[in-house]
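# Next come a sequence and a model predicted from it.
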Amino acid sequence: MAKDAITMFKEAAAQMQREEIFQALMGTLKQNDEDEVLQSLIGDFNLAREAKAEMEQLVEYVNAIVNTAVNGGDPMTVEQPPQGGCSGNCSSCAGCH
């Protein structure tokens, strides 16, 4: 009886997991997961990246206010940052106010 494609792919994937390079990768990942200093540094990096995203949102909000004013709109009507990012091209914008 012929093997179906799914069975063949499963067997190939299982064989890949027995390869030396895969075993080396798994060992490295385990070492990284158990390294408390590394995990702390990764945590610090992620916090800094989240702070960067918040700053970028603030800049987008300020840009939306400036763009509204430059296009003759009332900057006081811009009450929230634009959703999905601001390209700076108001003709393609769904609106930030």
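Nice, I can see it.
# could you say what helices and strands the helix ranked longest in the chain packs with?
Using DSSP state H, we find that the single longest helix of the chain is helix 36-70. With contacts taken as 3 or more C-beta pairs under 8 Å, 6 or more residues apart in numbering; DSSP states H and E, helix 36-70 sits against helix 20-34. For the C-beta atoms, the positions are set from N, CA and C on the backbone; glycine is no exception.
# what does the helix it packs on contact?
Defining contact as C-beta atoms under 8 Å, 6 or more residues apart in numbering, one finds that helix 20-34 is touched by 16, 38-39.
# cool, and stretch 40-57?
P81.
# hang on, the earlier thing: okay, the angle between the longest helix of the chain and helix 20-34?
80 degrees (axes from the mean of the first three to the mean of the last three C-alpha atoms, to 10 degrees).
# on that earlier part again, between the contacts of helix 20-34, which is closest to Q83?
Q39 (33.7 Å; C-beta to C-beta).
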